[in-house]
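Enquirer: got a structure for you, letters missing:
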């Protein structure tokens, strides 16, 4: 399971770096969003459930998210954070609606999470800032920068019971 987790994470990071490089190079980039599902701070799950139960909960949620989202959506876990690359057709789909619908399914499955927060980023809106702040656009640094600056860079931030940010 650990080797599979590491392979999935590495594949996610490589794909994110490729998408960012593609977006910088071409004037008509692919449409994709990046979604952060934050399940609290690093020790919060462990304190709420115990380390062993928290690890089990995270493994179940990882499997469930991968089964719930489309095959074209990539999902990786970094600690208690889940990151998702979600391609979408801007003319026919609203990324925000897709995320709410899909994560609503997860919530109804009864999986227990602590203070979940969902943050939706449209990276193409902030590509210039990311290039300045994270010059080589290394995936792990980009994710860290986005997580730290989510109040100013997020398109939407919400919990499944409460939504704030733009309407679409």
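Expert: Arrived safely. As the structure is a computational prediction, the values presented were derived from the model and not from experiment. Numbering: from 1, shown residues only.
Enquirer: and the biggest helix by length in the chain, what's buried?
Expert: Identified as the longest helix of the chain according to DSSP state H is helix 2-25. For helix 2-25, a neighbour-count test (16 or more other C-beta atoms under 10 Å) marks 8, 9, 12, 13, 16, 17, 19, 20, 23 as buried. For every residue, glycine as well, the C-beta is placed using N, CA and C.
Enquirer: my guess is the fourth one meets residue 140, correct?
Expert: To tie it back to what came earlier, the one meant is residue 13. Yes - the criterion here is C-beta atoms under 8 Å, and residue 13 meets it with residue 140 at 6.4 Å.
Enquirer: any chance of a markdown table for the buried residues of helix 2-25, columns pLDDT?
Expert: Below are the buried residues of helix 2-25 laid out as a markdown table (pLDDT from 0 to 100):
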| residue | pLDDT |
| --- | --- |
| 8 | 87 |
| 9 | 89 |
| 12 | 93 |
| 13 | 94 |
| 16 | 94 |
| 17 | 94 |
| 19 | 93 |
| 20 | 92 |
| 23 | 90 |
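Enquirer: now those in a markdown table, with distance to residue 127?
Expert: A markdown table is the format used below for the buried residues of helix 2-25 (distance: C-beta to C-beta, whole Å):
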| residue | distance to residue 127 |
| --- | --- |
| 8 | 25 |
| 9 | 23 |
| 12 | 19 |
| 13 | 18 |
| 16 | 13 |
| 17 | 13 |
| 19 | 11 |
| 20 | 7 |
| 23 | 6 |
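Enquirer: pLDDT weak spots in this protein?
Expert: Applying pLDDT under 70 to the chain flags the ranges 1, 42, 90-93, 102-115, 160-168.
Enquirer: for it, which segments count as helices?
Expert: 2-25, 44-49, 51-68, 95-108, 127-133, 139-148, 150-153.
Enquirer: residues in contact with the shortest one?
Expert: With contact meaning C-beta atoms under 8 Å, 6 or more residues apart in numbering, helix 150-153 is reached by 36, 119, 121, 126, 129, 146, 157.
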